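Participant: below: sequence and its predicted model.
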Amino acid sequence: MRSDYPELAGDAKIYVREVRAGSIEADLIPWAMQGLSAVVNVVEQIQIVEKFVRNYSAVLGKYLGGTKEPEATRSDLKDLMGSVVAIANDPNGHARLKAVVFEDGKKKVRAALSFDTLQAREAQRQIEDQKLQLESSSTTADHRRVLMTFKQSNVKDSVMGKRTGERVAIEDISPRDLPLIYASELAEQRIKHEVREADDNVYKKGFIVDVNVQLSGGRPAGYRVTNLHQVIDLPE
């Protein structure tokens, strides 16, 4: 929509008709798009909304059906994940998005997207897999598949590329524990899950990771984690 109508402010409204436990019903109504009529006519408004829902359905539908959109960017994947996460986390969820027009006082659905919990969870898996593929292909590491253990943990969210306040040890690289820096959003999410929510003590876990080593004066000064391969239980 932005590429076809760059002069628009992007204020199109989604009217959520109904939200209840496990269900989201949203209608896109062309005539409710404030400020649009001054730029495009009513027919174009209808076409814009219908095109949006059809295109969005075509892309998200691939993930819901167990495949991927090859041209999706990291930003696209973040948006798509946001679309399915609430339904995926509900044991019996359902979502519907419709492009709606009113003709002669009657409501007509021009395009629609509908999915349930199982489809949303499949989409989650596909999106997470593609995020990992993108990060793996664009990030190189000095050391691959090394064992990292926590010496100091932090449950708070971190700023990507900045020190987290956490300290970790990688004996294959240095005898000292060093500051941890996340260089991958997906690796951070998976590691933070273990820190915050895992049943076992994080200090009894080992993390098989790819890392870059930050140097200061020629000596290791920090670990930038680019990928998490596996979480293992450490021997007693």
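Facilitator: Received, thanks. Residues are numbered from 1 along each chain as shown.
Participant: next one: stretch 56-66 to chain centre, how far?
Facilitator: 15 Å (C-alpha atoms, centre = their mean, to the nearest Å).
Participant: for stretch 115-122, same thing?
Facilitator: 15 Å.
Participant: kindly report the same for stretch 228-236.
Facilitator: In terms of C-alpha atoms, centre = their mean, the centre of stretch 228-236 is found 25 Å from the chain centre.
Participant: buried sites along it?
Facilitator: 228, 231 (16 or more other C-beta atoms under 10 Å). Placement of C-beta: from N, CA and C, glycine included.
Participant: residue 198 versus the residue nearest to residue 149 when sequence neighbours are not counted, what's the distance?
Facilitator: Distance criterion C-beta to C-beta, 6 or more residues apart in numbering; nearest residue to residue 149, sequence neighbours excluded, is residue 169 at 5.2 Å. Note on residue 169: its distance to residue 198, by C-beta to C-beta, to the nearest Å, is 19 Å.
Participant: shouldn't residue 169 be in contact with residue 179?
Facilitator: No - between residue 169 and residue 179 there is no contact under C-beta atoms under 8 Å: 11.4 Å.
Participant: sorry, back to before: look up phi and psi at the residue nearest to residue 149.
Facilitator: phi -120, psi 140 (degrees, to the nearest 10).
Participant: list the contacts for it?
Facilitator: Neighbouring residues of residue 169 by C-beta atoms under 8 Å, 6 or more residues apart in numbering: 148, 149, 151, 176, 177, 178.
Participant: secondary structure class of the second one, three-state.
Facilitator: The local conformation at residue 149, judged by DSSP: H, G, I helix; E, B strand; the rest coil, is strand.
Participant: likewise for the fourth one?
Facilitator: For residue 176, the secondary structure call by three-state DSSP comes out as coil.
Participant: so it makes contact with residue 220?
Facilitator: Yes - taking C-beta under 8 Å as the definition, residue 176 is a contact partner of residue 220 at 7.4 Å.
Participant: quick one: average pLDDT of stretch 116-135?
Facilitator: Averaging pLDDT along stretch 116-135 yields 88.
Participant: and it, what's buried?
Facilitator: Across stretch 116-135, burial judged by 16+ other C-beta under 10 Å covers 116-117, 119-124, 126-127, 130-132, 134-135.
Participant: what does stretch 66-82 give?
Facilitator: Residues of stretch 66-82 classed as buried: 68, 69, 72, 77, 80, 81 (neighbour count, 16+ other C-beta under 10 Å).
Participant: could you report the distance from the residue of the chain most remote from its centre to residue 45?
Facilitator: The outermost residue of the chain, judged against the average C-alpha position, is residue 104 (41.2 Å), by C-alpha atoms, centre = their mean. Counting by C-beta to C-beta, the gap from residue 104 to residue 45 is 17 Å.
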